[in-house]
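Visitor: Starting from these lines, generate the structure:
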Amino acid sequence: MKITGLKTFVANVSRTNFVFVKLYTDEGIDGVGEATLEWKTLAVTAALEELERRLVGRDPFRSDALVEQLHRDSYWRTGAVFRTALGAVEAAMLDIKGKALGVPVFELLGGKYRDRVACYANHWFFGARTPEDYHVAATRGVAMGYRALKWDPFEASDLEMDRTQRNRTVAIVEAVRDAVGPDIELMLDVHGRLNVPTAIAMCKALARFDLTWIEEPTPPESIEALAEVRANSPVPIASGERWYEPTRFLEALSKKAVDVLQPDVSHAGGLAETKRIAHLAHLHLIPVAPHNPVGPVMNAMTLHTAVAIPNFSVFETVSVDVPWRKELVKETLVFEDGHLLAPTAPGLGVELNEEACARFPYAPHDVPLFDGSINLSGVATGAVVMNTTQL
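Guide: Numbering: from 1, shown residues only. The predicted model follows:
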């Protein structure tokens, strides 16, 4: 079997653009991957297109060897754009191989450790601004069947928070805990926006709400800063979505910077690379909760990885999204009792609708973190609930 071509597909989903890739073969079996890199759509699309000439004529069954060669020969061997493109291409090769052999991709990763994965909801809060809004939204999130919720209540914070901002954040978290009761897991995402003393102060102020973790409290560049926060925080610390090289994860583990590791299957360079990172974490007895807030193909990539690693913790899902998300791919997900069941279809178990992608062409989007609009995404308008039934 030989790869005969590569094609990218971009679909606007109001908050960002999903980036999908398809590899075609001379035996009529194609494979799909996802390279969504929020707010870097054109860059990652160009990186994918540059990989085509290196892939045509190659055997997709040799995915590890091809990924290693592409990594070596890129010269610029790191960075979010290249490694995200590489992760999507690897996923497409594994999809082809799984289809050809008639097995789910997790079987190619060594087989499954579990039949289902516990989920937490992201995106349940869109449109919420006040504590009262969050109280109502959290009640809806639990009504969807989720036993864990994550969100960013830190508004437009940039390194520091004044007393008024801190009090608003505390009030929002208090409203959510009051809405869902003591048995629901709550995770907070800071998106790396605080300095060390502010992060430590907020961790201490929020500890009384029995949080599962506070995610990425400081910018991703300094693992030493994150380690200092963790050493002084009464709340567990999670991070990893904006680290790309395996050595960064090893550094974080060695410096005891995290309680929960969060590699992104695409940004870290693929499913196989993420499994290796998970095993590094397993040596340190650190759980892994993969970063997974984007599109449906990435969801499948992450789900197969979560099934196949020993130290998986909890699975991030997009609980509310634009109504046309379901048009972009054909997928079969079974969500029950707050869990997603392990896939059963050959390959990744998703098929791309190329025509649907064309109906939602690329549109530029700005990063919403520092203008206070993170919880006011266009997704709130006409949004649909995801994952509450078989999709």
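
Visitor: the strands in the stretch 151-300 of the chain, which residues?
Guide: Applying DSSP state E, counting those that start in this stretch to the stretch 151-300 of the chain gives strands spanning 185-189, 213-215, 237-239, 260-261.

Visitor: Actually, the stretch 1-150 of the chain.
Guide: With DSSP E, counting those that start in this stretch applied, the stretch 1-150 of the chain shows strands at 3-12, 17-25, 31-34, 116-122, 148-151, listed in chain order.

Visitor: List the contacts of the last one.
Guide: Going back to what we said before, that points to strand 148-151. The set of residues external to strand 148-151 that reach it, using Cβ atoms under 8 Å, 6 or more residues apart in numbering, is 118-122, 124-125, 134, 138, 141-142, 176, 180, 184-189, 212, 215, 314, 316, 338, 375. (Each C-beta comes from the backbone N, C-alpha and C, glycine too.)

Visitor: Low-confidence stretches in the chain?
Guide: Under the criterion pLDDT under 70, the flagged ranges of the chain are 372-391.

Visitor: okay, which residue is most central for it?
Guide: N292 (1.7 Å; Cα atoms, centre = their mean).

Visitor: circling back to that earlier point, deepest of the strands of the stretch 1-150 of the chain, which one?
Guide: strand 31-34 (a mean of 28; mean count of other Cβ atoms under 10 Å).

Visitor: Setting aside sequence neighbours, what's the nearest residue to I237?
Guide: In space, I237 comes closest to R230 once its chain neighbours are excluded; the distance is 4.3 Å by Cβ to Cβ, 6 or more residues apart in numbering.

Visitor: How many neighbouring residues does that neighbour have?
Guide: 25 (other Cβ atoms under 10 Å).

Visitor: what do you get for I200?
Guide: 20.

Visitor: I'd like the distance between it and L280.
Guide: From I200 across to L280, the span is 27 Å (Cβ to Cβ, to the nearest Å).

Visitor: Contact partners for the residue nearest to I237?
Guide: With Cβ under 8 Å, 6+ apart, R230 has these contacts: I237, K256, A257, V258, D259.

Visitor: Among those residues, which one sits closest to A11?
Guide: Ranked by distance to A11 (Cβ to Cβ), the contacts of R230 are led by V258 at 32.8 Å.

Visitor: Surely the closest one and F249 touch.
Guide: No. Using Cβ atoms under 8 Å, V258 is not in contact with F249, being 9.0 Å away.

Visitor: Of these two, which one has the most company?
Guide: Set side by side, V258 and F249 show more neighbours around F249, with 29 against 26, by other Cβ under 10 Å.

Visitor: pretty sure the more buried one contacts A281?
Guide: Yes. Judged on Cβ under 8 Å, F249 makes contact with A281 at a distance of 7.2 Å.

Visitor: which neighbours do those two share?
Guide: Listed as contacting both F249 and A281 by Cβ under 8 Å, 6+ apart are L261.

Visitor: Now do the domain split for the chain, please.
Guide: Following automatic domain parsing, one gets these domains for the chain: 3-104, 107-344+368-385.

Visitor: And the ones you listed: which comes nearest Y362?
Guide: Closest among the domains of the chain, once you apply Cβ to Cβ, is domain 3-104, at 4.6 Å.

Visitor: so how far is the first residue of that closest one from its last?
Guide: End-to-end span of domain 3-104 (Cα to Cα, to the nearest Å): 20 Å.

Visitor: S254: how many residues sit nearby?
Guide: Around S254 there are 13 residues (other Cβ under 10 Å).

Visitor: wait, K256
Guide: Here the number of neighbours of K256 (other Cβ under 10 Å) works out to 15.

Visitor: can you pull the contacts of the residue nearest to it when sequence neighbours are not counted?
Guide: Leaving aside its sequence neighbours, K256 sits nearest to A227 (Cβ to Cβ, 6+ apart; 6.0 Å). By Cβ under 8 Å, 6+ apart, the contact set of A227 is A252, K255, K256, A257.

Visitor: ok, which pair from the residues you listed is furthest apart?
Guide: Spanning the widest gap among the contacts of A227 are A252 and K256, at 8.4 Å by Cβ to Cβ.

Visitor: so A156 touches D371, yeah?
Guide: Yes. Between A156 and D371 there is a contact under Cβ under 8 Å: 6.0 Å.
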